[in-house]
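S.K.: here is a sequence together with a model predicted from it:
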Amino acid sequence: MTLEEKRLLQEQGYLIMRGVIDPEWLAELRRETEAILKAEGDNAGGEFRKEEGSDRLANLVDKGETFRRLVSHPMLLEAAEAVLGPDFKLSSLNYRAALPGEKSHQPLHCDMGLVEDERGFAVFNSIWMLDDFTPLNGPTRFVPNTHRSGKTPQQVLNDPNAPHPDEQVTLGQAGDVVLMNSHLWHGGTQNHTATPRRSLHGFYVRADLPQQQYQKRLLRPETQTALNPLLRKVLALDDPRNDELSATGSGKSGFLK
Ligand SMILES: O=C(O)CCC(=O)C(=O)O
């Protein structure tokens, strides 16, 4: 990332990077997520949560090299560091598709229901577009500048489900990636078209907080053994603090993600 891109991400709380996923990788990510959805059937997303109106998959680091490539992507790690500082780890890699004709509108929220604290920002998310995000197919909405408000929408708004006067949507093409300080109030919107709006969410958290999905427990031993040092670090597999956090707390706390 350029210094200017990092500055924009830090100030605006979001940035859309264009054309990050090349056509071959995009086809592979679509193919793999489709196959996993089919194989897991009603259990899909069960390692974390299911959501009415959307397809979800969780624990994707354990489910293919193509996903491990995503969570250790150099641009993504630079972006996470620009928001969270050097001491961060993966919280989860999930798939979410807003389904046609379903009520998959989400309330505005901050990930994990967290606001900035005395140590700074704690949550960073990235939305990898597997389809174009258009005004009609359920793009993510967000409210600019709220990442510095020190409040969650649930604390401030009468109805976090309602349209917000300042909200904008993330529009882009398949292959683009939204980088987001996820204290920024945001949420999925309803898909009014005939085809799913697919995405992957690479979610990172500051090292002093629990992972949403404790990777050491969820990843099969054979996956863990084959990981390179960078991935072991990103997943916090050798960090005793992470083991303590997973024993005492849960990254599921708070709202949605
Ligand atoms: O898929 C989206 O548009 C956003 C999803 C989201 O914010 C969530 O699931 O917490």
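M.R.: Here it is on my side, so go on. Nothing here was measured: the structure is a model prediction, and the numbers come from that model.

S.K.: for the stretch 51-200 of the chain, what lies in contact range of the ligand?
M.R.: Arg96, Gln106, Thr140, His186, Gly187, Gly188, Ser199 (CB under 6 Å from any ligand atom). Using the backbone N, CA and C atoms, a C-beta is placed for each residue, glycine as well.

S.K.: now do the second one against Ala122, distance only.
M.R.: In other words, Gln106. According to CB to CB, to the nearest Å, Gln106 stands 20 Å off from Ala122.

S.K.: highest neighbour count among the residues of the stretch 51-200 of the chain next to the ligand?
M.R.: Most neighbours among these, by other CB atoms under 10 Å: His186, with 31 neighbours.

S.K.: quick one, strands of the stretch 151-257 of the chain?
M.R.: Applying DSSP state E, counting those that start in this stretch to the stretch 151-257 of the chain gives strands spanning 168-169, 177-181, 186-188, 197-206.

S.K.: run the chain-centre distance for the third one.
M.R.: To tie it back to what came earlier, the one meant is strand 186-188. 11 Å (CA atoms, centre = their mean, to the nearest Å).

S.K.: same question for the shortest one.
M.R.: In terms of CA atoms, centre = their mean, the centre of strand 168-169 is found 17 Å from the chain centre.

S.K.: packing partners for it?
M.R.: For strand 168-169, the packing partners by 3 or more CB pairs under 8 Å, 6 or more residues apart in numbering; DSSP states H and E come out as strand 140-142.

S.K.: run me through the strand neighbours of the strand it packs on, direction for each.
M.R.: strand 168-169 (antiparallel), strand 186-188 (antiparallel) (DSSP bridges).

S.K.: let me have those in TSV, extended by mean pLDDT.
M.R.: What follows is those, written out as TSV (pLDDT from 0 to 100):
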stretch	mean pLDDT
strand 168-169	97
strand 186-188	97
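
S.K.: so can I have a markdown table of the ones you listed showing distance to Pro86?
M.R.: Formatted as a markdown table, those follow (distance: least, CB to CB, whole Å):
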| stretch | distance to Pro86 |
| --- | --- |
| strand 168-169 | 30 |
| strand 186-188 | 25 |
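
S.K.: right, and those - which one's nearest Gln211?
M.R.: Closest approach to Gln211 among these (CB to CB): strand 186-188, 20.3 Å.

S.K.: residues in contact with that closest one?
M.R.: For strand 186-188, contacts defined as CB atoms under 8 Å, 6 or more residues apart in numbering pick out 54, 96, 98, 104-110, 138, 140-143, 160, 180, 256.

S.K.: ramachandran angles for the residue lying closest to Gly19 once chain neighbours are set aside?
M.R.: Spatially, and ignoring its direct neighbours in sequence, Gly19 is nearest to Gly175 (5.3 Å; CB to CB, 6 or more residues apart in numbering). Here is the backbone geometry of Gly175 (degrees, to the nearest 10): phi 110, psi -20.

S.K.: am I right that Gly175 is in contact with Leu26?
M.R.: Yes: between Gly175 and Leu26 there is a contact under CB atoms under 8 Å: 5.5 Å.

S.K.: more crowded one of these two?
M.R.: Gly175 (20 against 17).
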